[in-house]
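[1] next input, structure requested:
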Amino acid sequence: MNGIELTPDAAARALGPLGAERGDGDPVDAYARALWSALVEPGDRVAGALIDTVGAVRALEMACATSGGWDEAALAGLTRNELTQARGRWHPRIGAAPPALESARRAGVQLVIPGDDAWPQRAYDLGPYAPVCLWARGEVALLGGMTPAFAVVGARASSSYGEFVAADLAAGGAAAGIAVYSGAAYGIDAAAHAAALSAGGVTVAIMAGGLDRTYPVGNVDLVERITRTGVVIAEVPCGTTPTKHRFLARNRLIAALSDATVIVEAGWRSGALNTAHHAQAIGRPLGVVPGPITSASSMGCHRLLREGDAVCITGLDDVRELIGLGQTIFSSAQVGDHIDDRTRVLDALSARSARETADVARRAGLAVGEAAALLGLLELDGVVERRATGWVQRAPGAATLW
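    Down below sits the predicted model:
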């Protein structure tokens with residue numbers, strides 16, 4: 001079949017450590033899906049329909065053939081013309097997968113497929129537009145949990161107001177055990193990821209290109225931080241360049257893998273609006289943060305509020321309600337309950353000597369997780385600072401993070 005050998009031995013040789021955590025799963029199916037990810041662009045409906053109907057292996061055989069397979073295509077709801085046109089798209093890429101697999105091995109990237117414990121169940125809601133597989137780095141097992149999650153997206157050219165709101169929502173959600181999803185772009189995405197990390201929570205970055213080449217380059221350090229406690233994923237294989245249409249296709253994953261999407265800032269033609277429309281198309285709740293009526297950065301947000309079914313978001317309590325949870329742990333009504341703990345953390349810090357989180361927790365008489373969450377919130381307030389060797393108090397009047 002065009003030089004592709006679909007046997008257990010061939011699959012084991014090709015996948016190597018990429019399939020090491022698959023257990024008793026079918027290595028041939030995993031290999032076929034890895035090959036498929038190199039053949040198709042994200043969200044290829046014809047490929048998705050074929051794979052759902054006849055399985056990844058048989059669908060790949062049909063894809064590589066030059067004719068035939070019409071009856072099976074009809075079972076998938078496809079016409080002869082659709083299958084013929086799809087083969088025209090796929091054939092030039094046959095053979096592209098082996099270099100991508102080698103790049104994935106070098107980059108420490110794992111392959112995740114439907115049926116794996118780590119496969120995100122929410123992805124099934126995309127139907128034939130679902131990814132054929134995912135490539136992941138970090139704490140990959142987190143993807144398979146059904147932890148409450150919300151996406152925070154918005155403008156790359158964000159304002160200080162937008163970044164503050166994104167950070168506040170993400171930090172509060174992360175501290176309350178809600179995973180924060182975004183796209184690792186500049187602006188709102190980066191603010192949300194960084195705040196979730198500072199609060200000691202889980203954050204997931206969904207990339208538009210291969211995981212061996214972080215984009216944007218300026219966020220390499222942020223992405224590396226995410227892989228230590230969260231996950232970075234892509235549906236395209238290593239070596240794939242992020243392009244405009246891949247960013248737009250990626251947005252459907254951001255919407256699908258979270259319980260709700262929150263748009264913080266978006267201009268009239270912002271890509272964040274594309275994410276909002278994907279969320280609405282699959283029935284995910286949509287929240288929108290309003291901005292100043294004179295702000296071009298919020299024109300898209302106001303448009304969603306005026307024309308769609310979006311919910312106005314003014315704080316974390318609104319987000320929790322959007323995803324079906326109760327009152328937030330760190331709501332304004334409860335701030336007083338945590339003042340003493342915040343003071344204890346501040347008392348445990350020095351303004352000159354950096355102290356590690358565990359040392360701060362010991363000095364404050366708190367659990368390490370509690371101390372980490374409080375330090376993250378204090379960092380957002382601009383009263384503490386994270387350094388390479390630990391945490392310090394910030395000098396009064398120093399510039400804040402957001």
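[2] what strand or helix carries A151?
    Mapping A151 onto the secondary structure by DSSP states H and E places it in strand 149-153.
[3] again but with A11, I slipped
    Taking DSSP H and E as the definition, one finds A11 inside helix 8-15.
[4] what is the mean pLDDT for the helix or strand that that helix is followed by?
    Scanning the chain past helix 8-15 towards its C-terminal end, the next helix or strand to appear is helix 27-39 (assignment: DSSP H and E). When the per-residue pLDDT values of helix 27-39 are averaged, the result is 90.
[5] now for the following helix or strand past helix 27-39, which elements pack on it?
    Scanning forward in sequence from helix 27-39 by DSSP H and E, the next helix or strand is helix 45-54. Here helix 45-54 is seen to pack against helix 27-39, helix 56-64, helix 70-75, helix 80-90 when contacts are counted using 3 or more C-beta pairs under 8 Å, 6 or more residues apart in numbering; DSSP states H and E. For every residue, glycine as well, the C-beta is placed using N, CA and C.
[6] can I see the domain layout of this protein?
    Partitioning the chain according to automatic domain parsing yields domains covering residues 8-131, 147-208+243-322, 336-393.
[7] quick one: the helices and strands packed on helix 45-54 as a markdown table, columns for mean neighbour count too.
    Listed next are those as a markdown table, based on neighbours: other C-beta atoms under 10 Å:
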| stretch | mean neighbour count |
| --- | --- |
| helix 27-39 | 25 |
| helix 56-64 | 22 |
| helix 70-75 | 14 |
| helix 80-90 | 15 |
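[8] quick one: closest of those helices to L126.
    Distances from L126 to each of the helices and strands packed on helix 45-54 were compared using C-beta to C-beta; the shortest belongs to helix 27-39, at 15.0 Å.
[9] could you give the angle of that closest one to helix 80-90?
    Relative orientation of helix 27-39 and helix 80-90, computed by axes from the mean of the first three to the mean of the last three C-alpha atoms, to 10 degrees: 80 degrees.
[10] show residues contacting helix 27-39.
    For helix 27-39, contacts defined as C-beta atoms under 8 Å, 6 or more residues apart in numbering pick out 4, 6-8, 10-12, 14-15, 18-19, 22, 47, 51, 55-57, 59-60, 63, 90, 93-94, 96-97, 100-101, 111, 113, 115, 131-133, 135, 235-237.
[11] filter these to the buried ones?
    4, 6, 11, 14-15, 18-19, 22, 47, 51, 56-57, 59-60, 63, 90, 94, 97, 100-101, 111, 113, 131-133, 135, 235-237 (16 or more other C-beta atoms under 10 Å).
[12] just the strands in the stretch 151-300 of the chain please.
    Assigned by DSSP state E, counting those that start in this stretch, the stretch 151-300 of the chain shows strands spanning 179-182, 203-206, 231-234, 260-263, 286-288.
[13] mind putting these into a markdown table with mean pLDDT?
    As requested, the strands of the stretch 151-300 of the chain are arranged in a markdown table below (pLDDT from 0 to 100):
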| stretch | mean pLDDT |
| --- | --- |
| strand 179-182 | 97 |
| strand 203-206 | 98 |
| strand 231-234 | 97 |
| strand 260-263 | 96 |
| strand 286-288 | 95 |
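[14] which positions in the longest helix along the chain come out as buried?
    When the chain is parsed with DSSP state H, its longest helix is helix 160-175. Using 16+ other C-beta under 10 Å as the burial criterion, the residues of helix 160-175 that qualify are 161-175.
[15] quick revisit: between the helices and strands packed on helix 45-54, which gets nearest to R284?
    helix 27-39 (24.2 Å).
[16] centre of the chain to the closest one, how far?
    Distance of helix 27-39 from the chain centroid (C-alpha atoms, centre = their mean, to the nearest Å) equals 22 Å.
[17] got the CA coordinates for that helix in PDB?
    This file holds the C-alpha atoms of helix 27-39, laid out as PDB (Å, rounded to 0.1, in the frame of the first residue of the first chain):
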ATOM      1  CA  PRO A  27      -0.700  -0.300  17.900                       C
ATOM      2  CA  VAL A  28      -1.700  -0.600  14.200                       C
ATOM      3  CA  ASP A  29      -4.700   1.700  14.800                       C
ATOM      4  CA  ALA A  30      -2.400   4.100  16.600                       C
ATOM      5  CA  TYR A  31       0.100   4.000  13.700                       C
ATOM      6  CA  ALA A  32      -2.600   4.500  11.200                       C
ATOM      7  CA  ARG A  33      -3.900   7.600  13.000                       C
ATOM      8  CA  ALA A  34      -0.300   9.000  13.200                       C
ATOM      9  CA  LEU A  35      -0.100   8.500   9.500                       C
ATOM     10  CA  TRP A  36      -3.500  10.200   9.000                       C
ATOM     11  CA  SER A  37      -2.400  13.200  11.000                       C
ATOM     12  CA  ALA A  38       0.300  13.800   8.400                       C
ATOM     13  CA  LEU A  39      -2.100  13.300   5.500                       C
END
